[in-house]
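K.L.:
Any chance you could fold what I've pasted below:
(one chain, ligands or ions: 1)
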Amino acid sequence: MNSTSHILLCIASVFLLTGSVACADDGSGLWLKYHRIADEARLRTCRQSFSTAVVQGDSATLRIVREEIKRGLDGLLDANLSFGEAIRQDGTIIVGTVQTSAPIRSLGWDTDLEKLGPEGFLIRSSQVNGHRATVIAANEEIGLLYGTFDLLRRVQTQAALDKLNVTSHPRIQYRLLNHWDNMDGSIERGYAGRSLWQWDALPARIDPRYRDYARANASLGINGTVVNSVNANPIILQPAYLEKLRALAEVFRPYGLKLFLSIRFSSPLRPARQAGSRRGGIGNLETADPLDPEVRQWWKDKAKEIYEVIPDFGGFLVKANSEGMPGPQDYGRHHADGANVLAEALAPYGGIVMWRAFVYDAKTDPDRAKRAYKEFVPLDGVFAPNVFVQAKNGPIDFQPREPVHPLFGAMPKTPLMLELQITQEYLGHSKHLVYLAPMWKEYLDFDTHAEGPGSSVAKVTDGSLHDYAMTGIAGVANTGSDANWCGHLFAQANWYAFGRLAWDHQLSAETIADEWIRMTLSRDEQAGQTVRLMMMGSWEACISYMTPLGLHHIMQAGFHYGPQPSYARAPREDWTSVYYHRADSNGVGFDRSSTGSNATSQYFSPVRERFDDVATCPEKYLLWFHHVPWDHKMASGRTLWQEIRRHYDAGIEYVKQMQETWETLKGRVDPEIFSHVQTKLETQLQDATLWRDTCLAYFQTFAQE
Ligand code: BDP
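P.N.:
Next comes the predicted model:
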């Protein structure tokens, strides 16, 4: 096709669509594309409602507010919005805090504002000085930016805009992305290109993407970012890197995005002699023992140095005594000793420590799923007040499905930070379409019964269950240098969903999908429904074609992508597949019930009893908790072996259905996006088939009916 006909075709397709797709969309605009509203009646009403804006005050954040309102409404309304100093006409947007804006003060909303905290906002349709106005009010400027994005989202998603009466504030205080980015530009478990951070070019060159990144996060209310991998390289704390970090922090600051760092616990030591060692540091001490006075001083000095460069620095994320990373146990100390020395150094500046509970020392217990609980629960109450224990959603490692981590509910005196994984390490990388919000909802809604019924993981995380003094949630990022940020266009929906749930975990996965689709793909009602249906079942389908009925960790060694159920030889047995599935002629599954490892005892009653008994254990966790005979009768009346086979088939069927459904959207979504997803779905179908064929062929060698 020559370029003229390509352009004509694109223009034609834009007009054909009731939605608002542009042509040749490479996905770089994420959910912030602001395409013109196609429905003329709606466009007219919106133009009347939003014809001018008054944003009083001048600061970097307020400049961004103005820029975003202009960019958003000019695009959506195909208009040229003007800014004024006073309210002179109907259809004015007024944005301000009580401190900086006289019109906002005049509204007398102080009591409502008081309940919002620093990040919340109100959006109300109101009469101001005798004119119809839409008011965005907040206590702090960052609340105004969040309110601006909220209003624009309503316009983008075609929500009702008259009689607006929105009160919004985050349920969780620290809402962070965790980047597993290495200093050489690679990304551990990253599937969307190279790292966004260009360390060599910093601080002199500020890549425009840093700003785009901060803006995207602010649009969701994500307020912090750990920029480097948990397998931290200590050079990140060297003065030259602090200068680079200063430059990044300066870009992030007006967007309300705080910078955090992963640190290596052995940083005070001399550099390791061996290349690639995870043990050395950047200092000149002989020890990194947290109780050593020189070590304590080293961290205090380092914190001081950091805060001189980055005054609003957020704090440290630490992976210690895990997978070869050094930690306090190297010196006979426990995790709280390690966390507290860092906490002490950061406390004067308001910094926090996020101490990870991802530990699985084989000496603790033969069952990996029990180890973190056994190490951490005895330390409840021993951590300093500015320490979070950060735990993954499940006790093993971001498997397609796990039961909830038993730590949730079990540490009432220690704020637990919930760590989710946005990047699809075990869920088909950026090749499979898997919408993760239903999975996160399953964890958040899970009732731990820690304080009786109604003790959900969401309530543990948002602090309402144990009255935590601080609350947090983290998502391991899926971003990279790819034009579309996340590798798969639909992986953007996972970044989006993480941010939305971090702000408000009560939102449903369907609502979030609807928003994302309208902002990203199409505002057409029918197309939207079709895509939502595809997304909603995609996680369950992925579980079915990878690890149904509680199977887990049978992926390719190291790579964690394709199937390798036969994997038996590794440096550690808890890295092999056979350790987890335990298939033999008697059956399959890991007996973690009271007749086996007794991991079920780590849960609260009645969850414990429910999981412990084959008869009451939910089938989705069956092989996680039980070693089950192949001919065991399932609820469906089928035998276990038949049911396993049915799941693998159903998973593949679902991918085929997604393909068929996607074909119906041809000409109704952007052509470039269409073929991008079409190609990805082909790969997904091949992979799903390979998963089934490999796993069934392998289990067939044991299965008996
Ligand atoms: C596992 C990853 C590994 C991470 C580790 C962690 O395979 O790359 O370093 O988790 O969370 O999922 O520390």
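K.L.:
which helix is the longest one in this structure?
P.N.:
Using DSSP state H to define each element, the chain has its longest helix at helix 671-700.
K.L.:
Can you tell me, leaving aside adjacent residues, what's nearest to W355?
P.N.:
Leaving aside its chain neighbours, W355 sits nearest to A339 (4.1 Å; criterion: C-beta to C-beta, 6 or more residues apart in numbering). In this view, the C-beta of every residue, glycine as well, is placed from N, C-alpha and C.
K.L.:
hang on, the earlier thing: what packs against the longest helix of the chain?
P.N.:
For helix 671-700, the elements it packs on are helix 3-16, helix 525-546, helix 640-663, judged by 3 or more C-beta pairs under 8 Å, 6 or more residues apart in numbering; DSSP states H and E.
K.L.:
Apply 10 Å and report the result again.
P.N.:
Of the remaining helices and strands, those touching helix 671-700 by 3 or more C-beta pairs under 10 Å, 6 or more residues apart in numbering; DSSP states H and E are helix 3-16, helix 525-546, helix 578-581, helix 640-663.
K.L.:
dump the residue contacts of the residue of the chain most remote from its centre.
P.N.:
Ranked by distance from the centre of the chain (C-alpha atoms, centre = their mean), the top residue is G130, with 44.0 Å. G130 makes contacts with 87, 90, as judged by C-beta atoms under 10 Å, 6 or more residues apart in numbering.
K.L.:
same deal with V128?
P.N.:
54, 87, 92, 94, 103-104, 106-107, 134-135.
K.L.:
related to what we said a few turns ago, and the ligand, which of the helices and strands packed on helix 671-700 is closest to it?
P.N.:
Closest to the ligand of the helices and strands packed on helix 671-700, according to C-beta to the nearest ligand atom: helix 578-581, at 14.1 Å.
K.L.:
Figure out the length between the terminal residues of stretch 176-187.
P.N.:
Using C-alpha to C-alpha, to the nearest Å, the end-to-end distance of stretch 176-187 comes out at 17 Å.
K.L.:
ditto for stretch 171-181
P.N.:
As for stretch 171-181, its first-to-last residue distance stands at 28 Å under the measure C-alpha to C-alpha.
K.L.:
now do stretch 505-512
P.N.:
Start and end residues of stretch 505-512 are separated by 11 Å (C-alpha to C-alpha).
K.L.:
which parts of it are buried?
P.N.:
Buried residues in stretch 505-512, counting neighbours by 16 or more other C-beta atoms under 10 Å, are found at 505, 509, 512.
K.L.:
and what of stretch 162-180?
P.N.:
For stretch 162-180, using 16+ other C-beta under 10 Å, the buried residues are 164, 168-180.
K.L.:
of the residues you listed, closest to Q526?
P.N.:
Of all those, L164 has the smallest distance to Q526: 27.0 Å, by C-beta to C-beta.
K.L.:
quick one: contacts for the closest one?
P.N.:
Per C-beta under 10 Å, 6+ apart, neighbours of L164: 49, 122-126, 134-136, 150-151, 154.
K.L.:
These in helices, which ones?
P.N.:
49, 150-151, 154.
K.L.:
and the protein, what are its domains?
P.N.:
32-168, 174-521, 543-590+627-703 (automatic domain parsing).
K.L.:
T616: which of those domains is closest?
P.N.:
T616 lies closest to domain 543-590+627-703 among the domains of the chain, at 11.3 Å (C-beta to C-beta).
K.L.:
Now do the end-to-end distance for that closest one.
P.N.:
Domain 543-590+627-703 has an end-to-end distance of 20 Å (criterion: C-alpha to C-alpha).
K.L.:
average pLDDT for stretch 653-662?
P.N.:
Mean pLDDT, stretch 653-662: 98.
K.L.:
One more: stretch 368-383?
P.N.:
The pLDDT scores in stretch 368-383 average 98.
K.L.:
List the residues that contact E140.
P.N.:
61, 97, 99, 116-121, 146, 256.
K.L.:
before we move on, what about R610?
P.N.:
R610 makes contacts with 449, 600, 603, 616-618, 621, 625, as judged by C-beta under 10 Å, 6+ apart.
K.L.:
From these, list the buried ones, please.
P.N.:
449, 600, 603, 617, 621, 625.
K.L.:
still on that earlier bit, let's see if you can find the most crowded of the ones in helices among the contacts of L164.
P.N.:
Highest neighbour count within the ones in helices among the contacts of L164: L151, with 25 neighbours (other C-beta atoms under 10 Å).
K.L.:
How far does stretch 451-468 sit from its chain's centre?
P.N.:
Here stretch 451-468 is found 20 Å from its chain centre; the criterion is C-alpha atoms, centre = their mean, to the nearest Å.
K.L.:
No further questions, thank you.
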